[in-house]
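Novice: I need the structure of the sequence given here:
(2 chains)
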Amino acid sequence: MNVDVIELSESRAQFVLSGVSSAFANALRRSMMAEVPSLAIDDVNIYENTSVLYDEVLALRLGLIPLRTDLDLYVLRSECKCEDGCPRCQVSLTLSVEGPKTVYSGDLQSSDPKVVPTETDIPIVKLKKDQKLVLEAIARLGKGKDHAKWQPAVACGYKNLPKIVISGCDRCGACVDVCPKNILKLNETVVVKDEIKCSLCHLCEKACESGAIKISADPASFVFSVEADGSMPCMEMVLRAADEIKKKAKALTKSLSGVT
Amino acid sequence: MVYKCTGCKRVVEINSEYGGVRCPYCGHRVLLKERGTIIKRVKAE
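Specialist: Next up, the predicted model:
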């Protein structure tokens, strides 16, 4: 297995994973989406709400606010020894505002300074004069397979690594004109500017009357594009997803070892 | 059950013997149910 990083930032990553099967690539994608835990508001205690939104709608909006997550500090509620919630498995955020004002995610006051909304300008509700909102939100760790609010990867996908082979080009330029990604350039012959951007649409192949251009996909190499919600760095999310696969494989090995 | 009249803003009680809903002070027919004092716990989902 080989990994070539093309782009890496806090919220976005693009890398080529080669030497693996499509089943493994899909397992990694699914693990990022559904198995990596992250913090999200789970329960909301509403003391006062005279805003135009119903309590349930307000709670739903709060639940979808991404929170910065340090997975070394918190454990899943199912793995915690406590019964009613403790500082190890939950964190409290309070909100107390009075209109006229637009309430943003940045108005939430967290009991743990490390657990704060990733963006401070997510609108929650608009309050008019004399409208008031007082609540306590309880955030817990959870997994994307239970609810999308616990999904740290907001966009995660892959495609096979494209391979473009050009031989015997007659410089007609038809393939350059039809390419929707603009990755072909006509010099002395047609050259490929950025092979990875190819969407494997085969339009250039169809446009080339001489059959000089051949598009194929490497079945064992995958171009991954990952976008995180900001709850954790993209790199950490990918590594934790791989760890989750490893844990599951170990659990499977353990359970199969008992079978005679 | 205690309601609040949207016309005179007074707290009123609905008389179950009287068929309609009407404020006994101003006669306004739009009454709002007041929010209870208990803390409401809602699931964020």
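
Novice: Please make it C-alpha for all contacts and neighbour counts, starting now.
Specialist: Will do.

Novice: Just the pLDDT for residue 4.
Specialist: No chain was given, so I picked chain A. Residue A:4 is assigned a predicted lDDT (pLDDT) of 93.

Novice: I was after chain B.
Specialist: Here, the pLDDT recorded for residue B:4 equals 91.

Novice: Could you do residue A:88 as well?
Specialist: According to the predicted model, the pLDDT of residue A:88 comes to 91.

Novice: Could you verify my assumption that it touches residue A:70?
Specialist: No - applying C-alpha atoms under 8 Å as the test, residue A:88 and residue A:70 come out as separate, 11.5 Å apart.

Novice: near chain A, which residues of chain B?
Specialist: B:37, B:38, B:39, B:40, B:41, B:42, B:43, B:44, B:45 (C-alpha under 8 Å from any C-alpha of the partner chain).

Novice: Contacts only, for the nearest residue to the first one once chain neighbours are set aside.
Specialist: Going back to what we said before, that points to residue B:37. For residue B:37, ignoring the flanking residues on the chain, the nearest one in space by C-alpha to C-alpha, 6 or more residues apart in numbering or on different chains is residue A:47 at 7.9 Å. Under the criterion of C-alpha atoms under 8 Å, 6 or more residues apart in numbering or on different chains, the neighbours of residue A:47 are A:133, A:134, A:135, A:136, B:37, B:38, B:39, B:40.

Novice: what's the helix or strand for residue A:47?
Specialist: strand A:38-49 (DSSP states H and E).

Novice: Could you pull up the contacting residues of residue 2?
Specialist: As the question left the chain open, I've gone with chain A. Taking C-alpha under 8 Å, 6+ apart as the definition, contacts of residue A:2 comprise A:16, A:17, A:18, A:19.

Novice: I was thinking of chain B, sorry if that wasn't clear
Specialist: For residue B:2, the set of contacting residues under the criterion of C-alpha under 8 Å, 6+ apart consists of B:11, B:12, B:13, B:14, B:33, B:34.

Novice: if I look at the first one, how far off is residue A:117?
Specialist: If you measure residue B:11 against residue A:117 using C-alpha to C-alpha, to the nearest Å, the figure is 40 Å.

Novice: which of those two has more neighbours?
Specialist: residue A:117 (22 against 16; other C-alpha atoms under 10 Å in any protein chain shown).

Novice: That one contacts residue A:63, doesn't it?
Specialist: No - when contacts are counted by C-alpha under 8 Å, residue A:117 is not listed as touching residue A:63 (11.0 Å).

Novice: so residue A:16 bridges to which residues?
Specialist: residue A:4, residue A:223 (DSSP bridges).

Novice: how deep is it tucked in, by neighbour count?
Specialist: Other residues within reach of residue A:16, judged by other C-alpha under 10 Å, total 20.

Novice: again with the one 3 residues further on
Specialist: Residue A:19 has 14 neighbouring residues, counting by other C-alpha under 10 Å.

Novice: ok so, going back, out of the contacts of residue B:2, list just those in strands.
Specialist: When DSSP state E defines the strands, the subset of those inside them is B:11, B:12, B:13, B:33.

Novice: The third one and residue B:6, how far apart?
Specialist: Going back to what we said before, that points to residue B:13. For residue B:13, the distance to residue B:6 - C-alpha to C-alpha - is 13 Å.
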